[in-house]
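# what's the 3D shape of this:
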Amino acid sequence: MKTTFMKYRILTSISLALLVAVQTSCRENEFGTVDLTMPDEEEIYTPVVAQYTYSHPCAMFNQVDFDRVKKMLDDGTAPQVVKDEFSLLKNSRYTVPGYTATPLEYIVRGDGAGITSDGKEHYQEAMNDAAAAYQMALLWKLTGDSKYADASVKVMNDWVKTCKGIKSNDANQMLAAGAQGYTFANAGEIMRSYEGWSATDFAKFKEWMLDVFASKNEQFLKYHWYQGTQDCIYHYWSNWDLVNLCSYFAIGVLTENDDMVNYVVNYFHGGGGNGCVKNLLQGAFSDPLGSGEEIAQNQESGRDQGHAMMSVAVTANLCQMAYTLYLCNSSVTQLDFFAANDNAVMKMGEYTALFNLRDGNDQLNASGSWLITQAKMPFDEYKYCVDCSCKDKNHSAIHTQVADDKGRGSLRPGWEILYNHYAKVKNLGGGYKYAQMAANKMRPEGGVDGNSRYGTNSGAFDQLGWGTLMLYRE
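Numbers count the residues shown, from 1 in each chain. Now for the predicted structure:
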């Protein structure tokens, strides 16, 4: 164990130094190329090198959150929508009594030729079981029932005993490393205080998270996606960075690795890829419907709405985790990702919510007219991999308007995070009109539970969900 943790201390320290080098070079640089031309003074980001206090649990939620929700569920004062979501969680496919994990030797997302017996990808099992471990961990905290704790721990122990790594013949494996990495890590972070999880097994789980998931997260964030890659740093859309940032951060908290946490903090504020807040937002505008709000186009707004909403949802999860750690490290203001660049994440959410909302009252957002037409939606031209350094010169695209595709309107969980933070935690007087509309419409927001609302494909597992239960305040 000591060898593994020391290895990650050394590796992440090297990674942080590399990140700092990138941050002080020009924006067009790739990792490994240093341009000594310094940016304007206002663009210089001073990297954080902090030591943190970890008041566990302190990833997605803290003990204060769990105590608040458990108390109102126990005494009957919980708002009805919270009770409704609690019921949904207890009836999820992933929290049924006797849930049995299906661990794989290798998680294979992407081209599985020569890796799996049928040459196909196999990662659904990891999505299912990570969600199960997390959802049962939530239920243990909110009910005190050890059956949920034992089931959650068993899922994680079974994966540790069986799974050796994440593979494929392409970069898609990095999406599994990110999305399932931060789900498993959050489950472990919640369950770490359970007396029924032996210290030996918990130590093995942390080592497994580092070896199987964090190693891939670090590889992707450093090289996009491997050392010697011939893709430029902007080749991968923002959601790729974001899920890996989520995983690396959550595992950093789980293992109390300051270097890993600092790496994510510095990447989000000043990194080179599309998960950096400066690259994540690609245009700022006044609300064309006249609310007076500022809205901000995100890096995937011209690609398609499914990925644009994934980008917002995963960013919300990342911000929530960082803010939870901020609550026990208030001197490190950079942990407040929600506040970065004058509430940039709020503005990004507003742009995406505005374009994806209908004026009907149904929870699925399937009825009524769009709030705004494509023609009226402001958009800054976005050039994706045009004249870049990628070896493949045939994948570039120029987006000139917001994408109006069949995925428009299929809202994902995450709006409760944004609305709750800006309206209830920060008590801002406005700026979140459309996030509030989305949250109100979707409530109870729920999460992946095996039913038809979100389905069971990969998109249903990209975000943790259950925000109404854990965050809603009247």
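# Let's verify the residue nearest in space to the middle of the chain: helix, strand, or coil?
The centre of the chain sits closest to V314, judged by C-alpha atoms, centre = their mean, with a distance of 3.3 Å. Secondary structure state of V314, per DSSP: H, G, I helix; E, B strand; the rest coil, is helix.
# repeat for A151
A151 ends up helix, using three-state DSSP.
# That one and Y134: what is the separation?
12 Å (C-beta to C-beta, to the nearest Å). C-beta: built from backbone N, CA, C; applies to glycine.
# okay, those two: which has more neighbours?
Per other C-beta atoms under 10 Å, whichever of A151 and Y134 has more neighbours is Y134, with 31 against 25.
# Now the more buried one: which helix or strand?
helix 124-143 (DSSP states H and E).
# For that helix, enumerate the helices and strands it packs against.
Counting by 3 or more C-beta pairs under 8 Å, 6 or more residues apart in numbering; DSSP states H and E, the packing neighbours recorded for helix 124-143 are helix 63-75, helix 80-90, helix 146-162, helix 173-191, helix 467-471.
# And those helices: which comes nearest W208?
helix 146-162 (4.5 Å; C-beta to C-beta).
# In the closest one, which residues have enough neighbours to count as buried?
Using 16 or more other C-beta atoms under 10 Å as the test for burial, helix 146-162 gives Y148, A149, A151, S152, V153, K154, V155, M156, N157, D158, W159, V160.
# what do you get for stretch 75-90?
For stretch 75-90, burial by neighbour count (16+ other C-beta under 10 Å) applies to A78, V81, V82, D84, E85, F86, L88, L89.
# Past the strand or helix carrying N244, which element shows up next along the chain?
Taking DSSP H and E as the definition, one finds N244 inside helix 238-254. Next helix or strand after helix 238-254 toward the C-terminus (DSSP H and E): helix 258-270.
# Run the chain-centre distance for that following helix.
Put simply, helix 258-270 sits 15 Å off its chain's centre (C-alpha atoms, centre = their mean, to the nearest Å).
# What of stretch 341-348?
So, by C-alpha atoms, centre = their mean, the centroid of stretch 341-348 is 16 Å from its chain's centroid.
# Return the alpha-carbon coordinates of that stretch using PDB.
Presented in PDB, the C-alpha positions along stretch 341-348 are these (Å, rounded to 0.1, in the frame of the first residue of the first chain):
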ATOM      1  CA  ASN A 341     -15.100  33.400 -13.800                       C
ATOM      2  CA  ASP A 342     -18.100  35.300 -12.400                       C
ATOM      3  CA  ASN A 343     -20.500  32.300 -12.000                       C
ATOM      4  CA  ALA A 344     -19.600  31.000 -15.500                       C
ATOM      5  CA  VAL A 345     -21.100  27.600 -14.800                       C
ATOM      6  CA  MET A 346     -24.500  29.200 -13.900                       C
ATOM      7  CA  LYS A 347     -24.500  31.100 -17.200                       C
ATOM      8  CA  MET A 348     -23.500  27.900 -19.100                       C
END
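# buried ones in it?
N343, A344, V345, M346, K347, M348.
# Just the residues contacting stretch 373-380, thanks.
282-283, 285, 288, 295, 297, 301-302, 354-355, 399-402, 404 (C-beta atoms under 8 Å, 6 or more residues apart in numbering).
# CA-only coordinates of that stretch in CSV, if you can.
Extracted in CSV, the C-alpha atoms of stretch 373-380 (Å, rounded to 0.1, in the frame of the first residue of the first chain):
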residue,chain,number,x,y,z
THR,A,373,-36.3,28.9,-31.8
GLN,A,374,-32.9,28.0,-33.2
ALA,A,375,-32.9,31.2,-35.2
LYS,A,376,-33.2,33.4,-32.2
MET,A,377,-30.6,31.7,-30.1
PRO,A,378,-27.3,33.6,-30.1
PHE,A,379,-24.2,31.7,-31.1
ASP,A,380,-20.5,32.4,-31.6
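# List the residues that contact L280.
L280 makes contacts with S238, N274, N298, Q299, S311, T315, A344, M348, as judged by C-beta under 8 Å, 6+ apart.
# Among the residues you listed, which ones are in strands?
Among the contacts of L280, DSSP state E puts N298 in strands.
# which two in the contacts of L280 are spaced the farthest apart?
Comparing all pairs in the contacts of L280 by C-beta to C-beta, the longest separation belongs to N274 and A344, at 13.9 Å.
# Report the spatially nearest residue to F202, omitting neighbours in sequence.
Excluding the flanking residues, the one nearest F202 by C-beta to C-beta, 6 or more residues apart in numbering is R192, at 6.2 Å.
# Make sure that neighbour is actually in contact with P57.
Yes - using C-beta atoms under 8 Å, R192 is in contact with P57, at 7.1 Å.
# more crowded one of the two?
Taking neighbours as other C-beta under 10 Å, R192 and P57 compare with P57 leading, 23 against 15.
# For that one, give me the backbone phi and psi.
Here is the backbone geometry of P57 (degrees, to the nearest 10): phi -70, psi 140.
# Does it touch A187 like I think?
No - taking contacts as C-beta under 8 Å, P57 lies outside contact range of A187: 10.5 Å.
# give me every residue that touches the residue nearest to F202.
Going by C-beta under 8 Å, 6+ apart, the list of residues near R192 reads H56, P57, F202, L254.
# What's the PyMOL syntax to select whichever of those are buried?
Selection of buried members from those for PyMOL, criterion 16+ other C-beta under 10 Å:
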select buried, resi 57+202+254
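# For the contacts of R192, work out which two are farthest apart.
Distance extremes for the contacts of R192: the farthest pair is P57 and F202 at 13.2 Å, using C-beta to C-beta.
# quick one: what helix or strand has A340 in it?
helix 340-356.
# One more: N427?
N427 belongs to no helix or strand when assigned by DSSP H and E.
# Measure how buried it is and give me the count.
7.
# do A203 as well
13.
# do G292 as well
The burial count for G292: 10, using other C-beta under 10 Å.
# That one belongs to a helix?
No - counting by three-state DSSP, G292 falls outside a helix, being coil.
# For the residue lying closest to it once chain neighbours are set aside, which residues are in contact?
Leaving aside its chain neighbours, G292 sits nearest to S286 (7.2 Å; criterion: C-beta to C-beta, 6+ apart). Neighbouring residues of S286 by C-beta under 8 Å, 6+ apart: G292, E293, E294, I295.
# Ok, A177 next?
Here A177 is in contact with I166, V212, F213, K216, N217, F220, N244, S247 (criterion: C-beta under 8 Å, 6+ apart).
# 7 Å instead, please
By C-beta atoms under 7 Å, 6 or more residues apart in numbering, the contact list for A177 reads I166, F213, K216, N217, N244, S247.
# And these, which is closest to Y234?
Among the contacts of A177, N244 lies closest to Y234 (C-beta to C-beta), at 15.3 Å.
# So the closest one versus N279, what's the distance?
Distance from N244 to N279, by C-beta to C-beta: 15 Å.
# Just want to know which of these two has more residues nearby.
N244 (33 against 18).
# wait, what's in contact with the more buried one?
N244 touches M174, A177, G178, N217, F220, L221, counting by C-beta under 7 Å, 6+ apart.
# State the pair within those that is farthest apart.
Maximum distance among the contacts of N244 (C-beta to C-beta): 10.5 Å, for A177 and L221.
# Would you mind measuring the gap between the ends of stretch 456-468?
Length of stretch 456-468, first residue to last, C-alpha to C-alpha, to the nearest Å: 20 Å.
# Please state the mean pLDDT value computed over that stretch.
For stretch 456-468, mean pLDDT is 97.
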